[in-house]
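*Asks:* Build me a structure from this.
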Amino acid sequence: MKRRIHFILLGLAVFALSCKNNTANKTAEEEPAKDEVVSSDEWIYLFDGTSTEGWRGYNMDSLPPGWTVKDSVLTFDTKLGLEQNYKGGKDILYGAEEFDNFELYIEWKLPKGGNSGIFYHVKEGYAGPPVVAPEYQLIDDENYASIHDLTDYNLSLGYTDKPEELKPLQQTGADYAMHPPSPDKILNPVGEWNSTKIVFTPEKVEHWLNGKMILSFVPWDEAWEEKKNSDKWKNSPDYGKFKSGYIALQDHASPIWFRNIKIKKL
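*Replies:* Numbers count the residues shown, from 1 in each chain. All right, here's what the predicted structure looks like:
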């Protein structure tokens with residue numbers, strides 16, 4: 001009898017241990033390890049492909065003529081103007097929210113001879129975004145100088161050597177008139193889509209083009225201040241000083257197409 005009771009107790013113990021192990025295994029399956037947990041990337045879409053909600057003209061309450069949505073693309077529908085005739089355009093901004101530190105992603109394409117730009121930390125009340133906000137330059141590097149007359153503009157900036165040429169500080173991906181892009185960048189031909197990423201933190205700013213980082217710099221350090229005060233922005237005291245602001249897109253008398261515009265706060 002004692003031997004029978006012993007086997008019964010041993011069987012109960014094995015059953016209890018089995019149940020405990022099954023429960024532990026089930027819990028492990030329901031709660032994956034932390035490195036397996038997929039979290040939201042927290043992208044904020046500034047353009048969803050269907051409407052221009054949130055967008056308006058700089059210093060305006062509505063969108064200026066020409067900016068529209070065509071085939072799910074934010075489009076500036078205009079004829080190409082010449083650089084020598086350019087008197088300023090109707091830039092637009094995403095006015096629903098200002099951003100300080102961020103990762104911005106945009107896809108874009110230009111026509112032959114096209115020109116535009118992406119601004120950040122934009123503040124209103126000025127003649128336009130360029131005098132106050134840093135710009136990621138978008139331009140047709142290959143053909144721009146053969147279509148537009150750059151001589152007078154470049155001479156006004158002190159470029160006396162081959163002023164008819166598009167300078168590195170004016171090329172696609174540049175931190176316009178501040179930092180040139182890498183000469184090894186990959187820029188797709190006009191009419192084809194390119195991707196741009198801008199990463200801004202107080203420690204470092206990065207410009208990316210088609211998946212490759214093409215420049216980086218430290219904002220507001222001594223080298224940055226020296227660049228600002230020695231060239232195009234020396235007479236623009238508020239250029240680049242703001243630590244937050246709007247995202248804006250440039251009308252530089254050129255057709256331009258944007259899609260998949262999104263931003264992540266850092």
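
*Asks:* Quick check: bridge partners of residue 208?
*Replies:* Beta-bridge pairing for residue 208 (DSSP bridges): residue 197, residue 213.

*Asks:* Contact partners for it?
*Replies:* 195, 196, 197, 198, 199, 214 (C-beta atoms under 8 Å, 6 or more residues apart in numbering). For the C-beta atoms, the positions are set from N, CA and C on the backbone; glycine is no exception.

*Asks:* can you pull the pLDDT of residue 65?
*Replies:* Listed pLDDT for residue 65 reads 95.

*Asks:* circling back to that earlier point, mind putting the contacts of residue 208 in TSV, distance to residue 91, pLDDT and neighbour count included?
*Replies:* Listed next are these as TSV, based on distance: C-beta to C-beta, whole Å; pLDDT from 0 to 100; neighbours: other C-beta atoms under 10 Å:
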residue	distance to residue 91	pLDDT	neighbour count
195	21	98	14
196	17	98	21
197	21	98	17
198	17	98	20
199	22	98	18
214	23	98	23
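
*Asks:* will you turn those into JSON lines that also has distance to residue 105?
*Replies:* Putting the contacts of residue 208 into JSON lines (distance: C-beta to C-beta, whole Å) gives the following:
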{"residue": "195", "distance to residue 105": "7"}
{"residue": "196", "distance to residue 105": "7"}
{"residue": "197", "distance to residue 105": "5"}
{"residue": "198", "distance to residue 105": "8"}
{"residue": "199", "distance to residue 105": "10"}
{"residue": "214", "distance to residue 105": "15"}
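
*Asks:* and the two most separated of those residues?
*Replies:* 195 and 199 (13.5 Å; C-beta to C-beta).

*Asks:* Low-confidence stretches in the stretch 1-150 of the chain?
*Replies:* 1-40 (pLDDT under 70).

*Asks:* quick one, strands of it?
*Replies:* Assigned by DSSP state E, counting those that start in this stretch, the stretch 1-150 of the chain shows strands spanning 44-47, 55-57, 67-70, 73-76, 92-99, 102-109, 115-122, 135-139.

*Asks:* can you put those in JSON lines and add distance to residue 85 and mean neighbour count?
*Replies:* Formatted as JSON lines, the strands of the stretch 1-150 of the chain follow (distance: least, C-beta to C-beta, whole Å; neighbours: other C-beta atoms under 10 Å):
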{"stretch": "strand 44-47", "distance to residue 85": "29", "mean neighbour count": "18"}
{"stretch": "strand 55-57", "distance to residue 85": "21", "mean neighbour count": "20"}
{"stretch": "strand 67-70", "distance to residue 85": "20", "mean neighbour count": "15"}
{"stretch": "strand 73-76", "distance to residue 85": "17", "mean neighbour count": "21"}
{"stretch": "strand 92-99", "distance to residue 85": "21", "mean neighbour count": "19"}
{"stretch": "strand 102-109", "distance to residue 85": "23", "mean neighbour count": "20"}
{"stretch": "strand 115-122", "distance to residue 85": "13", "mean neighbour count": "24"}
{"stretch": "strand 135-139", "distance to residue 85": "17", "mean neighbour count": "25"}
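
*Asks:* possible to save those strands as TSV with distance to residue 177?
*Replies:* Formatted as TSV, the strands of the stretch 1-150 of the chain follow (distance: least, C-beta to C-beta, whole Å):
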stretch	distance to residue 177
strand 44-47	25
strand 55-57	24
strand 67-70	25
strand 73-76	22
strand 92-99	20
strand 102-109	20
strand 115-122	11
strand 135-139	8
